[in-house]
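[1] Next comes the sequence, and after it the predicted model I'd like to discuss.
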Amino acid sequence: MKIWIDGKLVGEEEAKVSVLSPSLNYGFGVFEGIRAYWNGENLLVFRLKDHMDRLLRSAKIIGLDVPYTADELTKAAVEVIRANGFKEDLYIRPVAYISKPQISLDVRGLQASVAIAALPFGKYLKVEGVRATVVSWRRVHTSMMPVMAKATGIYLNSIMAAVEARAKGYDEAIMLNAEGKVVEGSGENIFVVRRGVLMTPPVEDGILEGITRDTVITLANDLGLPVLEKSITREELYTAEEAFFAGTAAEITPIIEIDGRVLPKGPITQRIAEAYRRAVTGREEKYAYWLTPVY
Ligand code: PY5
């Protein structure tokens, strides 16, 4: 498998990082997760430029100097997929990190390296729906960590939540923020339906501003199902008529149980999941602007 690193395509065995990299030791890096869909004829990357734009915004938030434009990174992602000749569903993982070994926390003035890997990828969560639990780990507060950035170090928080949920026999975690509001899953945003209204927590509650979340909001509006961005309490979650996770890896995953409360795989979730599927596989002309064809 070929991996793109700083303008070169290298073999996997060459794509290595120093054990003294401050990105490895201290979590000073940013990354993205992108999907590409093979529809039998074309390989389509979903919202590629939007992901690269977010990578650069994340870098800006944490003060990491990434010496590439979003257009250059978009071209690099296409290049690495072509170099591997993939004709199947993929996951694309760009990561910007410091390759220079150093102990000091003073990371000012260092330039980031960027690696982009693409690999065949199937489902991330159970497609038929997941059993979720509200975990004891809270999502890090915006006064403690730059939560709007998709920064590597923040994912220790996600790992604690993901592992706690699974250790308790559930499929996925639902995290509350420091104020006790429902914010997201360990690696996906959350939507709930109450009294027929689709709602999702607002960015200011400390979520990652998901690209799938934005996609769902657009699709829902186009289906005549406006989305309310509002803080969601645990009680509202427990009395939801429907709920689903939305994320690049998770796509649209119905939540069929939350802490023992069973939810139906409801009609709104099904409509959104179907619209999402059609959009990502290029079956909806209207959303073709979201797709980058590789071939
Ligand atoms: N919230 C968190 C904490 C996330 O990690 C992710 C993405 C999302 C929301 C959804 O964002 P988007 O819709 O832009 O993907 N998580 C990664 C993904 O590729 C997976 C991390 C393991 O879906």
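    Yep, that arrived.

[2] Doesn't Ala165 lie inside a helix?
    Yes - judged by DSSP: H, G, I helix; E, B strand; the rest coil, Ala165 forms part of a helix.

[3] just checking, it touches Ala132?
    Yes - with contact defined as C-beta atoms under 8 Å, Ala165 counts as touching Ala132 (7.0 Å). For glycine as for every other residue, the C-beta is placed from the backbone atoms N, C-alpha and C.

[4] joint contacts of the two?
    Jointly contacting Ala165 and Ala132 under the rule C-beta atoms under 8 Å, 6 or more residues apart in numbering are Asp171, Glu172, Ala173.

[5] pLDDT score assigned to Pro264?
    For Pro264, the model assigns a pLDDT of 85.

[6] Around it, how many other residues sit close by?
    11 (other C-beta atoms under 10 Å).

[7] Point out the residues in the stretch 1-150 of the chain that sit beside the ligand.
    By the rule C-beta under 6 Å from any ligand atom, the part of the stretch 1-150 of the chain lying against the ligand is Gly33.

[8] what about the helices in the stretch 1-150 of the chain?
    22-26, 48-62, 70-84 (DSSP state H, counting those that start in this stretch).

[9] got JSON lines for the ones you listed, with distance to Trp137 and mean pLDDT too?
    As requested, the helices of the stretch 1-150 of the chain are exported to JSON lines (distance: least, C-beta to C-beta, whole Å; pLDDT from 0 to 100):
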{"stretch": "helix 22-26", "distance to Trp137": "20", "mean pLDDT": "98"}
{"stretch": "helix 48-62", "distance to Trp137": "22", "mean pLDDT": "98"}
{"stretch": "helix 70-84", "distance to Trp137": "32", "mean pLDDT": "98"}
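
[10] Please tabulate those helices in JSON lines, including the columns mean neighbour count.
    Below are those laid out as JSON lines (neighbours: other C-beta atoms under 10 Å):
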{"stretch": "helix 22-26", "mean neighbour count": "19"}
{"stretch": "helix 48-62", "mean neighbour count": "20"}
{"stretch": "helix 70-84", "mean neighbour count": "19"}
